[in-house]
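Q: give the three-dimensional model of this entry:
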Amino acid sequence: MTDALLGHLAALRARVAALVAERRRGDPQADDPFRGLYLSDDAVDALLDAPREPLAAGTPPAADGRLAALGGAAGLDGLDLALLLIALAPDLDSRFEGLFGYLNDDVSRRRASVGLALRLCGRAEADAAGRARLGPHGGLVAAGLVAVDEPDRPALTRPLRVPDRVTAHLLGDDRPDPAVAGLLAPAPPPAGPDPGPLAAALRRGVRLVHLREQVGGCAAGLAAAALAAAGRAALVVAADRLAAAPEPARLAAALVREALLGAAGLVVGPVEALDAATVRALTAGAGTPVLATGTGGWDPGLHDTPPLRLDVAAPGHDVRAAAWRTALDGRLAAGLDPAGATAHFRLGAAQIARAARAATLAAALDGVPVGAEHLRRGARAENAAGLERLARRITPTVGWADLVLPPATLAQLRELCARARLRERVMDQWRMRPGGGRGRGITGLFAGDSGTGKTMSAEVVAAELGLDLYAVNLATVVDKYVGETEKNLERIFTEAAGVNGVLLFDEADAIFGKRSEVRDAHDRYANIESAYLLQRMESFEGLAVLTTNLRANVDDAFTRRLDVVADFPVPDARQRAELWQRCLGPAVPRDGDVDLDFCARAFTLSGGNIRSAALAAAFLAADADRPVTMTDLITAVAREYRKLGRLCLEGEFGPYHALAGV
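A: Sure thing, here's the model as predicted:
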């Protein structure tokens, strides 16, 4: 116990002793061993005859130590501090239990009552101003520093109690209340805009702030930095955990008290998860600033007082680079620019810190300094799992060397990758971002026949950028009920906004089809669906790839919004020869009669069909326990032809035509 509290208790004991002496002078049965358990006739007469005068006003507790600091933070005056000390006394010195029991005339009531506390402070029991100090709107009760228990008792005999967390704080314990410890998160490192203007606003008395976080921004980091600059600690509250907890308003009051004890401000987000009652409970502390963060706009129904509203943009290249280097602490490979290697990832300061830890672990496994691939692996680890419930996550395993495409198509794929890497420079630094509410998203359309490599190319683009590929499952999107398809798509776009990945809409013409003339209600709702997609793609911030076999079916308005349109033609004879070689691979044993050049010249097949035929031939050979023969290849090609509905003509199969009927 601090010397200051010891001194306060000594002064309180002297006032209690004076009140005990006064009580004894007017007690006709002071030596009765059962005193306090019943009232005799003489005791009743003494109560009727003896006037009760309040003690002379005492000296308020000295303005030092944690008690005084708490009083200053909560706006308490000398009388409030004296009442707080009286309520606190039995928790600091057990002798006060017996003394208060004697003065309460009831050995079972070992805490100071409202009336007793007022008398010890030199106030009359009927003093309305004094009683208001312990009312629901008084500073002590409203701040959660004193609880007035047993509300069914008369007001003057209700016991006063100081919560254990307040007692522990005054004794030097700064651990948070266990009831709210699970709702708190560590303060993110500062990275982003200058916190100075916001800190100045807090010093000028602003108590409610809403920070709207843009993609890649870190509103909580800015809030914590501004509070630090204003001389306050930051208590970061996970709003989603608070909203899911039972009685969130009660826990909100405990959080306000925790902030008051630590001279801190509350950083709460995402505020969209909270209802109005909880937000009002969080702002109940008159001196505690509340900085709410979120990705949406402020709902005026959350609070009667409009907040100070600020937008928090993603940090620039230099700020991100500094955040990466600080988090990696010298473990970065020499000459590597971490912000450049991860330019296409949209990460806030807290995400960078976690991604750096993941990258460090990956590099430690390889026994090398942290390189670009480690950084990207750590950044991918920050992807939320919500999108995986709506799309299939594919970790890319192919690269440019695996593609067999015309040079023009390859150039368009590389352009798509360049747009993703350089959009910060072009859109932000060079200010080429369009208006009209358009996002910074990048969209490419891959058009061509089935099996020409569209999906594989999307995987290569994702691999080049170090991103995961999320293939949207149309079964989770398209719904026969009106409006449900749009809702499903909105869920996908919303989840994709928090994920660093490539969003793949395979067979996109199924949902991005042309609008038609309205002849009935079905046409009208189909057009509404297409119009919604047009609007949503405008505001999309990520990287999306659409594939289609029928480019003519895609609405012209979508085509205008596309950044890259890559055509995937059926491969020519040279490309087919290369595809046959790659699909069979070096590990597959081949018989001497295998003529892949003939297969490439004779059979006009796409890459997907060639792979299917090569795989079927390999299974035929493995089943016969021998190398792949020309018979296996011709048999497999003939089966592919039948799947495609094509005839096995002698002009194509030539000398192997007889094998096509096998």
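
Q: hey, let's count contacts and neighbours off CA atoms from now on
A: Fine.

Q: identify each buried residue in the strand or helix carrying Gly72, please.
A: Assessed by DSSP states H and E, Gly72 sits inside helix 65-74. By neighbour count on 16 or more other Cα atoms under 10 Å, the buried set for helix 65-74 is Arg66, Leu67, Ala68, Ala69, Leu70, Gly71, Ala73, Ala74.

Q: of the residues you listed, which is the nearest to Arg431?
A: Ala73 (45.7 Å; Cα to Cα).

Q: pretty sure Leu489 sits against Asn473.
A: No. Counting by Cα atoms under 8 Å, Leu489 stays clear of Asn473, with 10.7 Å between them.

Q: between the two, point out the one with more neighbours.
A: Using other Cα atoms under 10 Å as the criterion, Leu489 and Asn473 rank with Leu489 on top: 22 against 15.

Q: and the residue nearest to Ala185 when sequence neighbours are not counted, which of the three is it?
A: Distances taken as Cα to Cα, 6 or more residues apart in numbering put Val236 closest to Ala185, at 5.4 Å, once the chain neighbours are dropped. Under the three-state scheme (DSSP: H, G, I helix; E, B strand; the rest coil), Val236 adopts strand.

Q: per-residue pLDDT, Val236?
A: For Val236, the pLDDT comes out at 95.

Q: residues contacting it?
A: Val236 is in contact with Leu184, Ala185, Pro186, Ala187, Ala220, Leu266, Val267, Val268, counting by Cα atoms under 8 Å, 6 or more residues apart in numbering.

Q: cool, Val279 as well?
A: Applying Cα under 8 Å, 6+ apart to Val279 gives the contacts Leu302, His303.

Q: a helix runs through it, doesn't it?
A: Yes. Val279: assigned to a helix according to three-state DSSP.

Q: what about it, distance to Leu140?
A: 21 Å (Cα to Cα, to the nearest Å).

Q: Ala74 too?
A: Taking Cα to Cα, one finds Ala74 at 8 Å from Leu140.

Q: and the pLDDT at the most centrally placed residue in the chain?
A: Closest to where the C-alpha atoms of the chain average out (Cα atoms, centre = their mean) is Pro270, at 7.1 Å. The score at Pro270 is 92. That number is its pLDDT.

Q: how many neighbouring residues does the nearest residue to it once chain neighbours are set aside have?
A: In this structure, Pro270 finds its nearest non-sequential neighbour in Gly294, 4.5 Å apart by Cα to Cα, 6+ apart. Number of residues near Gly294 (other Cα under 10 Å) recorded here: 23.

Q: cool, and the one 10 residues further on?
A: Taking other Cα under 10 Å as the neighbour definition, Asp304 ends up with a count of 9.

Q: same thing with Gly386?
A: Count around Gly386 with other Cα under 10 Å applied: 15.

Q: next: the one 3 residues further on.
A: Taking other Cα under 10 Å as the criterion, the count of residues near Arg389 is 13.

Q: just Phe598 next, same as before
A: Residues near Phe598, counting by other Cα under 10 Å, number 14.

Q: just the pLDDT for it.
A: 94.

Q: now Ala259
A: 94.

Q: apart from its neighbours in sequence, what residue is nearest it?
A: Gly265 (6.0 Å).

Q: list the contacts for Met630?
A: Per Cα under 8 Å, 6+ apart, neighbours of Met630: Asp591, Asp593, Val594, Asp595.
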